[in-house]
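J.: can't give you the sequence, but here's the structure:
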């Protein structure tokens with residue numbers, strides 16, 4: 001049986017103070033080639049250490065209002081992913097309730 005390998009590439013351009021100025025990413029199978037982004041959150045599960053490893057980056061010109069939207073949409077996506085991964089509908093609904101509260105408190109429009 002053959003397996004397929006694919007790569008996701010993330011490039012970060014830093015200023016003289018090591019602050020991200022540009023983020024670009026590519027995912028050939030997804031049709032993404034060197035696209036610019038303003039922020040990224042990457043979580044990787046280390047099963048040996050039983051802990052999450054993280055890379056959280058955003059460019060210095062990422063607007064705060066867009067960061068709030070980015071976090072809200074990420075939280076909603078996490079609730080969806082949690083439900084698909086665990087089939088725990090009750091906790092997923094609770095997570096979505098928090099997402100609604102989060103959006104309301106930040107005055108985010110749907």
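T.: Now that the structure is in, tell me what you want to look at. Remember, predicted model here, so these are calculated numbers, not experimental data.
J.: isn't there a strand covering residue 23?
T.: Yes. Residue 23: assigned to a strand according to DSSP: H, G, I helix; E, B strand; the rest coil.
J.: how far away is it from residue 37?
T.: Relative to residue 37, residue 23 is positioned 4 Å away (C-beta to C-beta, to the nearest Å). Any C-beta I mention is one placed from the backbone N, CA and C, and that applies to glycine too.
J.: between those two, which is the more surrounded one?
T.: residue 23 (19 against 16; other C-beta atoms under 10 Å).
J.: list the contacts of that one.
T.: The neighbourhood of residue 23, defined by C-beta atoms under 8 Å, 6 or more residues apart in numbering, consists of 10, 11, 12, 13, 36, 37, 38, 39, 40, 57, 58, 59.
J.: now these: which count as buried?
T.: By the neighbour-count criterion of 16 or more other C-beta atoms under 10 Å, the contacts of residue 23 include these buried positions: 37, 38, 39, 40, 57, 58, 59.
J.: so the fifth one sits against residue 20, correct?
T.: Yep, that's residue 57 we're talking about. Yes. Taking contacts as C-beta atoms under 8 Å, residue 57 lies within contact range of residue 20: 5.2 Å.
J.: understood, closing this out.
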